[in-house]
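Enquirer: Kindly generate the corresponding structure for this input.
(chains A and B)
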Amino acid sequence: MTTLLEMRAITKTFPGVKALDRVSFAVEEGEIHALVGENGAGKSTLMKVLSGVHAHGTYEGEIVYAGEAARFAGIRDSEAKGIIIIHQELALVPLLSIAENLFLGNERARRGVIDWQGTYLRTEELLRKVGLREAPQTRVGALGVGKQQLVEIAKALAKEVRLLILDEPTAALSEADSQVLLDLILELKTQGVTSIMISHKLNEVRRVADTITILRDGATVATRDAAHAEVSEDQIVRDMVGRDMADRYPRRERRAGEVLLEVSDWTVAHPEDAGRLVVRDIGFSIRRGEVVGIAGLMGAGRTELAMSLFGESHGRKISGEARIGGVPADLSTVRRAIDAGLAYVTEDRKEYGLILDDTVARNVTLANLHGVARRGVVSEQEETAVAERYRSAMNIRTPHVFQKVLNLSGGNQQKVVLSKWLFAGPDVLILDEPTRGIDVGAKFEIYTIINELSAEGKGVLMISSEMPELLGMCDRILVMNEGRFVGELSAGEASQERIMSLIVTH
Amino acid sequence: MSDTTTRPDDTTTQVDEPRHGRGWTSYIGHHLCDYGLLFALIAIILFFQIMTDGTLLRAGNITNLVLQNSYIIIMALGMLIVIVGGNIDLSVGSVMGFVGALAAVMIVEMQIPVIVTMLVCLLAGTLIGAAQGYWVAYWSIPSFIVTLAGMLVFRGASLWLLEGQSVGPFPGEFQLLSTGFVPDLFGVGRPNVTALVVGAVGVGAIFYLGLHTRQRNREYGIEDEPTALFWVRNLLVAGAVMFLIWKLAAFRGLPNVLLTMGVLTVAYAFLTERTTLGRRVYALGGNSKAAKLSGIATERLTFLTFVNMGFLAALAGLIFAARLNTATPKAGFALELDVIAAVFIGGASMSGGVGRIVGAVVGAFIMGVMNNGMSIMGIGIDYQQVIKGLVLLAAVIFDVYNRQKQS
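Expert: The predicted structure is shown next:
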């Protein structure tokens, strides 16, 4: 095997920070090379250096690609050499068709007039390659995220890709879609495409990667050969965090009190299609001090269940009964749900959880402005004091509470969202994917917070797509599929296999 | 909490500098947007003061400036809230004209008492705002379209009401709304002692409130604006206010309109910056989905911003009609653009969630002083338009540039 890419002693500084410190990174022709590390470790910066987003001259060190020195001034230069990067946030235009997206900026045209015939033929060929059975004219917005990801790869293939860079390709995908995508990456490998894959999901890394490079604090920590020897997840985690993580989940004393929330016969119809039920006859209860998990694939109706409970924020024709502390609760608006003692931490904090342009302090008090106001007049001093209290209790890393949350890292943003809901004083917290897109260290902190909440006697309903997380954190796990609960497992009897088999057999 | 993660976080958090514990030059640096606007106004005033050989700041002209811009400022208060809430209202010029026409028809043609007419007109404006807000808030129809329709409808409605004619003149008591002056309660006349007292009370209030806030901040251990800067800024503002009041007192006293405007400005500044209601409007404009999921009744709030806008447009319509002493079908034509421009010059963001009442008022004065100054200089209307357009663009570019530099 020959070396396709070699990055030597790359150093990249931003004002005040050394993002990359003499990083060396080599990729062999035809391999799948995984790049792992915590958020902020420098993975994305390294890939931006490689693809020319950070142009030659703005960094130190050298890049040798396909045997010659590479000095890319921009992303066009690297694309011309067959280096294609697929970002975490997909770069597709939802209102355009698949074919139009594939050749966007690269149109098949003669003197400015688009050759639709050729475009469609070539699109069909590319879609066959990625195993996507859709017509070239289909609007991209009509596809699910999994299929959109395949379109992105087809788009890369349309550009004659030689080195494919995937940044967290499965972050937004369900288990099944992830499998399809990983299979495709393996398939491309047999066709000679080299891939670099950035991922947080270590089981996936272990499945596809030939080599694993671990970055920490802007430096290469280790490069491990996974093709010939087994590399354990614990080994990778140790490399990532620079220490042994004896336990990825903090311990908690488990004791359940009286029933806090009781839901029965909860049924919700799709917001646009009243005939389709997204949640059917759900019943469950949460006790004081309990952490209850909901497992399921994407689209199982977990978020729909949570949001419909929280002020009927999703769906229509909602029926069923919710009792809090034994009395029927009115959850018809978000305000009423909050007043009844419910809080919902969304899975999409940027879209639904935070006002990014506002300060940490203002975000923290948003759901309970009356808590810092007298007769409708907000006391900024009181607000600042409250925010400071949560900053130290939650260990939110920000220079001051007047920082815009936009400038915080994912983990710290999540702590701001949690602070907001804790300040609203709920009895029951619904946490929807509370650790999505957060690095290992911050995850541990979030878990610790969840345990503290349970110790204070709050009830926690935790929705997660990461099964190890549910297994490590929950007292009970409810398994959901196609809008129904298909089983309940206690902490003792639950395992990934049992959860999966419950999902598959129903 | 565990100390397992003491490594540097995302690079972005590192770049930002703390806002506290620094000298006042760095404080100004971080608040350049806030101060920049004020400096711009001062610079423009000085420029025209020189170019017009001192005519700009003559007592009579200051009174004139206030009267000329009062209705724009009053509408800018409402427009700021609408824009901060993430919408826009293109109909205010037409609504203003319509309300003026309604007042003229009721008072001049139907001989209805002035007070009754005024109440009916304010109610009409409020209802118009409610009607438009209803579609925007509860049907999610883009405000641009709803109010564009409103603009056409009420332009036509005023034509219909007035039957294409100008209707006037108004009785004296109605004119007082705009051209009246607060009488001197102390009986001196000139200088007008009432005006001076109001000015002194205002300045006193500025210092009292400023010091009170600083005191509270200290109690909570929050670092504040550097002391030197606090005094310099407030003394400048106080000086400007007293200068203005002195000029007005030497002329005919405090215009009724200035009093109305001043009270409204303070009330709306308080409403937007200190109350839970105001906070919610900012949250709504910043991210309506997150606001909604935080228990904020986003629809009702959007609705209310339009109701408020309608009310203020009606008030502006009355003042405008009283000032011209006649209602014409052309009244308020294209005025919505001046109002919107004032709000954006004042630092509001098109996407919502950002902007301040003080900014909008200063923005309106920047436009007003330029209009007035250029007219005195005898610059043609053609050049005036071009210059105003460029100033609007420059203000917004400055704002965007600053924001990019910050992040």
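
Enquirer: Please work out how many residues are found near the nearest residue to B:Y71 once chain neighbours are set aside.
Expert: Nearest residue to B:Y71 in three dimensions, chain neighbours excluded: B:A316, at 3.8 Å (CB to CB, 6 or more residues apart in numbering or on different chains). C-betas here are computed from N, CA, C, even on glycine. Neighbour count of B:A316, defined by other CB atoms under 10 Å in any protein chain shown: 29.

Enquirer: ok, now A:V486?
Expert: Close neighbours of A:V486, defined as other CB under 10 Å, add up to 18.

Enquirer: buried stuff in whichever strand or helix holds it?
Expert: Using DSSP states H and E, the element containing A:V486 is strand A:484-490. Buried residues in strand A:484-490, counted by 16 or more other CB atoms under 10 Å in any protein chain shown: A:484-487, A:489.

Enquirer: and if you look at stretch A:310-320?
Expert: For stretch A:310-320, by 16+ other CB under 10 Å, it's A:310-315, A:318, A:320.

Enquirer: before we move on, back to that, what's the following helix or strand after the one helix or strand the residue nearest to B:Y71 maps to?
Expert: Using DSSP H and E, B:A316 maps to helix B:298-324. Per DSSP H and E, the first helix or strand lying C-terminal to helix B:298-324 is helix B:335-345.

Enquirer: how far off helix B:335-345 does the very next helix or strand once past that next one point, in degrees?
Expert: Later in the chain than helix B:335-345, the nearest helix or strand by DSSP H and E is helix B:357-377. Computed by axes from the mean of the first three to the mean of the last three CA atoms, to 10 degrees, the angle separating helix B:357-377 from helix B:335-345 equals 120 degrees.

Enquirer: so for helix B:357-377, what's the average pLDDT?
Expert: For helix B:357-377, the mean per-residue pLDDT is 92.

Enquirer: A:A222 is in contact with A:T211, correct?
Expert: No: counting by CB atoms under 8 Å, A:T211 does not reach A:A222; the two are 10.7 Å apart.

Enquirer: the more surrounded of the two?
Expert: Neighbours per residue (other CB under 10 Å) separate A:T211 from A:A222, with A:T211 holding more: 19 against 15.

Enquirer: do you know how far that one is from chain B?
Expert: 24 Å (CB to the nearest CB, to the nearest Å).

Enquirer: Mind listing the residues bridging to that residue?
Expert: Going by DSSP bridges, A:T211 is paired in beta bridges with A:H33, A:D225.

Enquirer: contacting residues around it?
Expert: Contact analysis of A:T211 by CB atoms under 8 Å, 6 or more residues apart in numbering or on different chains lists A:27-28, A:31-34, A:223-227.

Enquirer: Please repeat the previous calculation with a cut-off of 6 Å.
Expert: Counting by CB atoms under 6 Å, 6 or more residues apart in numbering or on different chains, A:T211 makes contact with A:31, A:33, A:225.

Enquirer: What of A:T213?
Expert: A:25, A:35, A:223.

Enquirer: if you set the cut-off to 7 Å instead, what comes out?
Expert: Shown in contact with A:T213 (CB atoms under 7 Å, 6 or more residues apart in numbering or on different chains): A:25, A:33, A:35, A:220, A:223.

Enquirer: same check, this time on A:K129
Expert: A:154, A:157.

Enquirer: Please report phi then psi for it.
Expert: Per-residue torsions, A:K129: phi -60, psi -40 (degrees, to the nearest 10).

Enquirer: Now do it against chain B, distance only.
Expert: A:K129 is 36 Å from chain B, by CB to the nearest CB.

Enquirer: Export the contacts of A:T213 as CSV, with columns for secondary structure.
Expert: Shown next, in CSV, are the contacts of A:T213 (DSSP: H, G, I helix; E, B strand; the rest coil):
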residue, secondary structure
A:F25, strand
A:H33, strand
A:L35, strand
A:T220, strand
A:T223, strand
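
Enquirer: could I get the host helix or strand of A:V279 in CSV with only the CA atoms?
Expert: Of the helices and strands defined by DSSP H and E, A:V279 is found in strand A:277-287. This file holds the C-alpha atoms of strand A:277-287, laid out as CSV (Å, rounded to 0.1, in the frame of the first residue of the first chain):
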residue,chain,number,x,y,z
LEU,A,277,-51.0,8.0,14.6
VAL,A,278,-47.5,8.8,15.7
VAL,A,279,-48.1,7.8,19.4
ARG,A,280,-50.6,5.1,20.3
ASP,A,281,-52.1,4.2,23.7
ILE,A,282,-49.0,5.0,25.6
GLY,A,283,-49.1,4.5,29.4
PHE,A,284,-46.2,4.8,31.9
SER,A,285,-45.4,6.3,35.2
ILE,A,286,-42.3,7.9,36.8
ARG,A,287,-41.6,7.9,40.5
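
Enquirer: quick check: domain ranges of chain A?
Expert: Domains of chain A are assigned by automatic domain parsing as A:3-241, A:249-341+A:426-506, A:355-424.

Enquirer: sorry, back to before: among the contacts of A:T213, which one lies nearest to chain B?
Expert: Here the nearest of the contacts of A:T213 to chain B, counting by CB to the nearest CB, is A:T220; it sits at 15.4 Å.

Enquirer: show me what contacts that closest one?
Expert: Per CB under 7 Å, 6+ apart, neighbours of A:T220: A:23-25, A:213.

Enquirer: Kindly recompute the last result at 10 Å.
Expert: A:T220 makes contacts with A:7, A:10, A:20-25, A:35, A:37, A:42, A:46, A:213-214, as judged by CB atoms under 10 Å, 6 or more residues apart in numbering or on different chains.

Enquirer: Can you tell me the SS state at residue 387?
Expert: Because you didn't say which chain, this covers chain A. With three-state DSSP as the basis, A:A387 sits in helix.

Enquirer: tell me the contacts of it?
Expert: Residues in contact with A:A387 (CB under 10 Å, 6+ apart) are A:359-365, A:372, A:396, A:398, A:400-402, A:416, A:419, A:423.

Enquirer: What segments of the stretch 101-250 of chain A are strands?
Expert: For the stretch 101-250 of chain A, applying DSSP state E, counting those that start in this stretch gives strands covering A:109-110, A:113-114, A:163-167, A:194-198, A:211-216, A:219-225.

Enquirer: Neighbouring strands of the fourth one in the sheet, and parallel or not?
Expert: Paired neighbours of strand A:194-198 in the sheet (DSSP bridges): strand A:32-36 (parallel), strand A:163-167 (parallel).

Enquirer: How about the second one?
Expert: Applying DSSP bridges to the sheet, strand A:113-114 is found paired with strand A:109-110 (antiparallel).
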